[in-house]
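*Asks:* Next one to model:
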Amino acid sequence: MSHPTPWSHILRLSDLGHRRETAFDLVPDTVAMAELASDLGIDAVRKLRFRGTLTPQGRHDWALSAHLGATVVQPCVVTLAPVTTRIDATVTRRYLADMALPDTAGEVEMPEDDTAEPLSATLDLGNVMAEALALNVPDFPRAPGVELGEAVFAAPGTAPLRDEDTRPFAGLAGLRAALDNDTDT
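*Replies:* Numbers count the residues shown, from 1 in each chain. The predicted structure follows:
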């Protein structure tokens with residue numbers, strides 16, 4: 001079992017009623033959100049709520065269905081200005097008793113069902129929340145109206161190669177213009 005975090009919320013599945021669903025509603029405090037922001041490498045987590053249900057499936061399996069709502073602040077990848085993003089995501093997981101753990105010594109194929117996980121004795125809903133947040137935080141946030149632009153480098157005396165020049169049909173416009181000029185004369 002991993003070390004509990006400030007946002008941990010550990011449930012022992014054997015303590016839950018196996019005939020009805022169990023509702024949960026996690027709203028971490030400001031200290032937990034600050035540590036989570038630090039772990040994710042972002043400026044801040046301003047709001048965070050993870051609400052849903054754990055439902056028994058058959059004799060041993062469980063299904064988690066939840067909604068993640070969050071507001072995060074990250075630096076813009078172009079200007080480093082703070083960018084605030086609202087995240088609303090649906091989270092589903094299936095915890096299966098008969099799911100075999102992969103052999104990590106060799107190559108591991110990704111399963112078709114990426115919501116399935118091996119069942120353990122406990123479930124840390126806080127870690128599920130943190131993982132869902134990490135998967136939904138924008139990779140390259142940009143401030144409104146900011147464009148990445150184009151960097152152009154070339155040795156002195158040579159024409160720089162631009163992004164436009166590498167596109168498959170970039171030369172066709174020039175060729176067409178040349179052909180049109182030939183037919184005009």
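*Asks:* just for the protein, where's the confidence low?
*Replies:* Applying pLDDT under 70 to the chain flags residues 1-3, 100-113, 148-152, 163-168, 170-171, 183-185.
*Asks:* Now the one residue sitting closest to the centre of it. Its backbone dihedrals?
*Replies:* What sits nearest the mean C-alpha location of the chain, by CA atoms, centre = their mean, is Leu135, with 1.8 Å. Backbone geometry at Leu135, expressed as degrees, to the nearest 10, gives phi -70, psi -20.
*Asks:* partner residues bridging the closest residue in space to it that isn't next to it in sequence?
*Replies:* Once flanking residues are discounted, Leu135 sits nearest to Ala89: 8.0 Å by CB to CB, 6 or more residues apart in numbering. For every residue, glycine as well, the C-beta is placed using N, CA and C. When bridges are called by DSSP bridges, Ala89 pairs up with Leu68.
*Asks:* Share the number of residues neighbouring Ala37, please.
*Replies:* 20 (other CB atoms under 10 Å).
*Asks:* Phi first, then psi, for it.
*Replies:* phi -60, psi -40.
*Asks:* who's the nearest residue to it once chain neighbours are set aside bridged to?
*Replies:* Nearest non-adjacent residue to Ala37, counting by CB to CB, 6+ apart: Val45, 4.6 Å away. Val45 has these beta-bridge partners by DSSP bridges: Val72.
*Asks:* dump the residue contacts of Val45.
*Replies:* Met33, Ala34, Leu36, Ala37, Ala70, Thr71, Val72, Val73, Leu133 (CB atoms under 8 Å, 6 or more residues apart in numbering).
*Asks:* these two touch, right, the fifth one and Ala44?
*Replies:* In this case it means Ala70. No - the criterion here is CB atoms under 8 Å, and Ala70 misses it with Ala44 at 10.7 Å.
*Asks:* Looking at the two, which is more packed in?
*Replies:* Neighbour totals were compared for Ala70 and Ala44, and Ala70 leads with 22 against 17 (other CB under 10 Å).
*Asks:* Please identify which helix or strand holds the more buried one.
*Replies:* Using DSSP states H and E, Ala70 falls within strand 61-75.
*Asks:* buried residues in that strand?
*Replies:* Neighbour-count burial for strand 61-75 flags Asp61, Trp62, Ala63, Leu64, Ala66, Leu68, Ala70, Val72, Gln74 (criterion: 16 or more other CB atoms under 10 Å).
*Asks:* ok, what's across the strand from the first one?
*Replies:* Put plainly, it is Asp61. Here Asp61 sits in beta bridges with Gln57, going by DSSP bridges.
*Asks:* And it, how close does it get to Val91?
*Replies:* Per CB to CB, to the nearest Å, Asp61 is found 17 Å from Val91.
*Asks:* and if you look at the fourth one?
*Replies:* Using CB to CB, one obtains 7 Å as the distance from Leu64 to Val91.
*Asks:* which residues do the two both contact?
*Replies:* Jointly contacting Leu64 and Val91 under the rule CB under 8 Å, 6+ apart are Gly52, Val128.
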